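K.L.:
Okay, predicted coordinates and the sequence, questions at the end:
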Amino acid sequence: GAVVSQHPSRVICKSGTSVKIECRSLDFQATTMFWYRQFPKQSLMLMATSNEGSKATYEQGVEKDKFLINHASLTLSTLTVTSAHPEDSSFYICSAVAGGTYEQYFGPGTRLTVT
Amino acid sequence: AQSVTQLDSQVPVFEEAPVELRCNYSSSVSVYLFWYVQYPNQGLQLLLKYLSGSTLVKGINGFEAEFNKSQTSFHLRKPSVHISDTAEYFCAVSNTNAGKSTFGDGTTLTVKP
């Protein structure tokens, strides 16, 4: 149980285009989802906290207009990187928390490459 | 505010040797503590967690960790490592409200034959 999927696993896009990454909790309802960014050989950097039915809470320094987060249902959150640039290339990981618990279940990550 | 310090960025060890990966944390409130493992190009997998109760926590793959409140530490141990344990290990602390976690910088465990 407690499986989280991400789609796509890898994506290559051209500079200036937008790309959407989906995060789904497959067998539980996630009241909260988190989006992280990870650079090579580095730790996870929390980008935003996504709560179902409300606006995401962004961490300091994260551009909310560039990284659009939507948590439309208890099993799906999306991250859209708008007008992507090469510096947005990174590994993006989501996690989901089941209601009433404190454990995060992580997705497998999405490798974004902007050319 | 909370923070996590993983004291070793890289730990090389020979197969079947014991290993300890060190983690210290700071927080002004009660916390939950976690250890995760990450294999290349994959997400994080939970090894073990401390929420309350016994300070010695056993996890998957033969790992265990001990919560030491006075030393604010949560070191990860395994008595005998395998080649397959080679991976990145992250210690994380979460406050007891909403599950938002802070991660350490990670420790690269390399098990050599």
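P.N.:
Sure thing, it's come through. Quantities reported herein were computed from a predicted structural model and do not represent experimental measurements.
K.L.:
CA atoms for contacts and neighbours, from now on please.
P.N.:
Fine.
K.L.:
Double-check that residue A:87 belongs to a helix.
P.N.:
Yes. The assignment for residue A:87, made by DSSP: H, G, I helix; E, B strand; the rest coil, places it in a helix.
K.L.:
Tell me the predicted confidence for it.
P.N.:
pLDDT, residue A:87: 95.
K.L.:
and if you look at residue B:2?
P.N.:
84.
K.L.:
For it, which non-adjacent residue is closest in space?
P.N.:
residue B:27 (4.4 Å; Cα to Cα, 6 or more residues apart in numbering or on different chains).
K.L.:
Same question for residue A:73.
P.N.:
Using Cα to Cα, 6+ apart and skipping the chain neighbours, the partner closest in space to residue A:73 is residue A:52 (5.9 Å).
K.L.:
Neighbours of the one you found, how many?
P.N.:
A count of nearby residues for residue A:52, using other Cα atoms under 10 Å in any protein chain shown, gives 19.
K.L.:
pretty sure it is touching residue A:69, no?
P.N.:
No. Assessed by Cα atoms under 8 Å, residue A:52 is found out of contact with residue A:69, at 10.7 Å.
K.L.:
what are the ranges of the strands in chain B?
P.N.:
Counting by DSSP state E, chain B has strands at residues B:2-6, B:10-14, B:19-21, B:23-27, B:31-38, B:44-50, B:56-58, B:64-68, B:73-78, B:87-95, B:101-103, B:107-112.
K.L.:
how much does the last one deviate in direction from strand B:2-6?
P.N.:
Orientation of strand B:107-112 against strand B:2-6 (axes from the mean of the first three to the mean of the last three Cα atoms, to 10 degrees) gives an angle of 20 degrees.
K.L.:
check whether strand B:107-112 contacts chain A.
P.N.:
No. Applying Cα under 8 Å from any Cα of the partner chain, one finds strand B:107-112 separated from chain A by no less than 9.0 Å.
K.L.:
What are the buried residues along that strand?
P.N.:
Neighbour counts over strand B:107-112 (16 or more other Cα atoms under 10 Å in any protein chain shown) mark B:107, B:108, B:109, B:110, B:111 as buried.
K.L.:
Tell me how many other residues crowd residue 49.
P.N.:
Assuming you mean chain A. 22.
K.L.:
oops, chain B please
P.N.:
By the criterion of other Cα under 10 Å, residue B:49 has 22 neighbours.
K.L.:
list the contacts for it?
P.N.:
Neighbour list for residue B:49: B:32, B:33, B:34, B:35, B:57, B:59 [criterion: Cα atoms under 8 Å, 6 or more residues apart in numbering or on different chains].
K.L.:
my guess is residue B:12 contacts residue B:112, does it?
P.N.:
Yes. At 7.2 Å, residue B:12 counts as touching residue B:112 under the criterion of Cα under 8 Å.
K.L.:
The residue nearest to residue B:2 and chain A: what is the separation?
P.N.:
The gap separating residue B:27 from chain A is 17 Å, by Cα to the nearest Cα, to the nearest Å.
K.L.:
Now do stretch A:97-115: distance to the chain's middle.
P.N.:
Mean C-alpha position of stretch A:97-115 versus that of the full chain (Cα atoms, centre = their mean, to the nearest Å) differs by 6 Å.
K.L.:
Quick check: the gap between residue A:96 and residue A:62.
P.N.:
From residue A:96 across to residue A:62, the span is 20 Å (Cα to Cα, to the nearest Å).
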